[in-house]
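Novice: let me see the structure of the following:
(chains A and B)
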Amino acid sequence: MTILQVVISGLLLGAVYALFSAGLTLIWGMMDVINFAHGEFVMVGMYVAFLIVTWAHGGPLVFGPAAAILLFLMGVGVYFSLIRQVIRGPMIAQILSTFGLALLLRYLAFWLFTANFKTLPESLIPGTLDIGGIYIGMPQLVAGVAALILTVAMHLMLTRTAIGSQLLAVAEDRQAAMLMGIRPDRMQAFAWGLSAAGAGIAGALIATFYYIVPTVGESLALTAFVVVALGGFGSVPGALIAGLIIGVIQSLSAYVFGPVYKDVAVYALFVVILWVRPQGLLGRA
Amino acid sequence: MTTTPRTRVIAATVVLAALVAFPWVFTNAFYQRMGAELLLAAIGASAWNIVGGYAGQVSVGHAMFFGTGAYAPLLVYTHWQWVPVAGIPLGIIVSLAIAVVIGLPSFRLRGHYFSMATIAAAELIRIVVSNWPFVGAAIGMMGPPVPRTWLDLSFRSSVPYYYIFLAVLTGLLWLTFLLERGRSGYYCRAIKSGERAARSLGVPVQHYKLYALLLSAAFTSLAGSLYALMVGFVDPESGFGILASVEMIITAALGGVGTLSGPLLGAVILVPLKTATNSLFGGGGSGLTYILYGGIILVLARFAPGGLLELWQRLTATRRRSAAKAPYAA
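Specialist: Below is the predicted model:
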């Protein structure tokens, strides 16, 4: 019974991992760029939730959309002010630009909010679900289900709508897309906005039950790297499956080896993926 | 290069003479200590520069080699009472092994993959070390509290460390200079400017990327050992923390990645800057220092990815061009 409970909580957390990793993999697939500040986007989403709850007493229905809109704007802003220029530069500029952004955001948060752990009140999403002896906290359930719906929605938007087709067209061949009357710059800015918004909502969702601290972005970003590597670069369905797998591996290893080793298992898996299947589960070689 | 070999030799001699004279000019212990830290930062950045700059493979997890090097001397001292220096080769061997495990598979993949793999590996090692009692877990390890013999290399003054670091830095830069001029230098530049093109011209790309990483890892490990010898203490955060990697990257990137003198120039600017911000804002100032670091890295990547050296060359080149144009205008 305990094992089942561990697996379910892993799946719920994994769905949130899938949501913010989907944005990371979208950017990678489109532009061959890894956003090292992606974990910091999640962190900013968490603090948005924290500030709205403490200052405005807003609930999840307020801070979820607020984090999404704010982070969308931030993503677009980062694209136009930074990424659009460095993408034409040497690879070191691409890596260092988002790496520098990550440091800047992390230590700005450190300066503004100090290193103290913050949590949101449990009364925000109260209750525990009891299904035949398996207890699931409502915050985790709400976050997991919402993240699952949003990740699927992102996939459907990319594959079933006109704007999604335009986005993928730019990813496939920028030149050809331009000849078809698509503006690649706008599409790439939209992808950055979408990616950041996903990270922002994911942050707001896990803020209801996760500790909030400026350095949380680092381990979340690394988790997202492993999800993206396992799922295959550029694949949103891959990120979904891989996110769920990573969530389960993490909570199982926390249960078996102790909580401090939950990340060790995931990062070790990354090294294994690197050796065994670098193209990921659903990726092409 | 716009400079002739002779001006390079003269410049190198002047810089070396200035560095040798530094502790005699600044007899204040505070400045001597800062000088030693500056040279150490330059060693770390120059070591990172071999793989990150010359071979163009951007590692963001070099702390794994630095930390390994830092732990090894203190480990052999704590457990077997050896002289700490005896741990240096151990650190280098372990670092080389880690480099092979991470480098071999990720070099077959696209560029950013290596960066992701290095940062994940560094974090992995940091967490394991933080929870492993044999290496002191979260508390870390100490060196000899008082020197038993001179072989412990435990000095009260910073000056002996200063000259040891200067010797290591000179050796490292000399080696880098030889490699830069030789075949491996051409290979690395070819890999950096276009991997596929380099491969089609017969450059053994994987081999040279790995050679660069191994050399870089060995010297980063040595830098870590020297750090541990001077400070006499290391914990998981100072050895394996991401900020240890950041220091190397920003120092090299500020001066100029893939250049011989860039890392030293970066250290000359950054170490006094860091000392100043730390003494200005006190212990809590480290947060502000890293806001500044993040901003510097960001602005460099956006406006001057080649660092200050390239920026300077660009500026002087435009001046020269406008000077050359002047007669026609007149």
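Novice: identify the residues contacting A:Y210.
Specialist: A:46, A:216 (C-beta atoms under 8 Å, 6 or more residues apart in numbering or on different chains). Where you see a C-beta, it was placed from the backbone N, CA and C, and this is true even at glycine.
Novice: leaving out sequence neighbours, find the closest residue to A:T215.
Specialist: Distance criterion C-beta to C-beta, 6 or more residues apart in numbering or on different chains; nearest residue to A:T215, sequence neighbours excluded, is A:R106 at 6.4 Å.
Novice: for chain A, what spans make up the helices?
Specialist: All helices of chain A, identified by DSSP state H, fall at A:2-31, A:38-56, A:60-78, A:84-86, A:91-113, A:138-160, A:162-172, A:174-179, A:184-206, A:216-231, A:236-257, A:262-276.
Novice: residue ranges of the helices in the stretch 1-150 of chain B, please?
Specialist: B:5-25, B:29-49, B:63-80, B:87-106, B:111-130 (DSSP state H, counting those that start in this stretch).
Novice: and for the stretch 201-330 of chain B?
Specialist: With DSSP H, counting those that start in this stretch as the criterion, the stretch 201-330 of chain B has helices spanning B:205-231, B:236-240, B:242-255, B:262-281, B:285-303, B:307-329.
Novice: can you list those in a markdown table and add mean pLDDT and mean neighbour count?
Specialist: As requested, those are exported to a markdown table (pLDDT from 0 to 100; neighbours: other C-beta atoms under 10 Å in any protein chain shown):
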| stretch | mean pLDDT | mean neighbour count |
| --- | --- | --- |
| helix B:205-231 | 94 | 24 |
| helix B:236-240 | 93 | 23 |
| helix B:242-255 | 92 | 26 |
| helix B:262-281 | 89 | 19 |
| helix B:285-303 | 85 | 20 |
| helix B:307-329 | 74 | 12 |
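Novice: ok, which of those comes nearest chain A?
Specialist: helix B:285-303 (3.1 Å; C-beta to the nearest C-beta).
Novice: so what does the closest one touch, helix or strand wise?
Specialist: Other elements packing on helix B:285-303 under the criterion 3 or more C-beta pairs under 8 Å, 6 or more residues apart in numbering or on different chains; DSSP states H and E are helix A:84-86, helix A:91-113, helix B:242-255, helix B:262-281.
Novice: and of those, who's closest to B:P84?
Specialist: Counting by C-beta to C-beta, B:P84 lies closest to helix B:242-255 out of these; the figure is 19.1 Å.
Novice: which other helices and strands contact the closest one?
Specialist: helix A:91-113, helix B:29-49, helix B:63-80, helix B:111-130, helix B:262-281, helix B:285-303, helix B:307-329.
Novice: residue numbers of the stretch 1-150 of chain A in contact with chain B?
Specialist: Within the stretch 1-150 of chain A, the positions near chain B by C-beta under 8 Å from any C-beta of the partner chain are A:28, A:32-34, A:36, A:82, A:85-86, A:89-97, A:99-108, A:110-111.
Novice: switch to 6 Å and redo it
Specialist: Listed as neighbours of chain B in the stretch 1-150 of chain A under the rule C-beta under 6 Å from any C-beta of the partner chain: A:34, A:82, A:85-86, A:89-93, A:95-97, A:100-101, A:103-104, A:107-108, A:110-111.
Novice: one step back: what's the most buried one of the helices of the stretch 1-150 of chain B?
Specialist: helix B:63-80 (a mean of 26; mean count of other C-beta atoms under 10 Å in any protein chain shown).
Novice: list the contacts of it.
Specialist: By C-beta atoms under 6 Å, 6 or more residues apart in numbering or on different chains, the list of residues contacting helix B:63-80 from outside reads B:82, B:84, B:86-87, B:90-91, B:94-95, B:98, B:121-122, B:125, B:135, B:141, B:143, B:217, B:220-221, B:224-225, B:227-228, B:234, B:239-240, B:244-245.
Novice: stretch B:216-226 too?
Specialist: By C-beta under 6 Å, 6+ apart, the surrounding residues in contact with stretch B:216-226 are B:43-44, B:47, B:50-51, B:62, B:65-66, B:68-70, B:73, B:88, B:91-92, B:95-96, B:99, B:172.
Novice: circling back: out of the helices and strands packed on helix B:285-303, the one nearest B:R8 is which?
Specialist: Using C-beta to C-beta, the nearest of the helices and strands packed on helix B:285-303 to B:R8 is helix B:262-281, at 13.7 Å.
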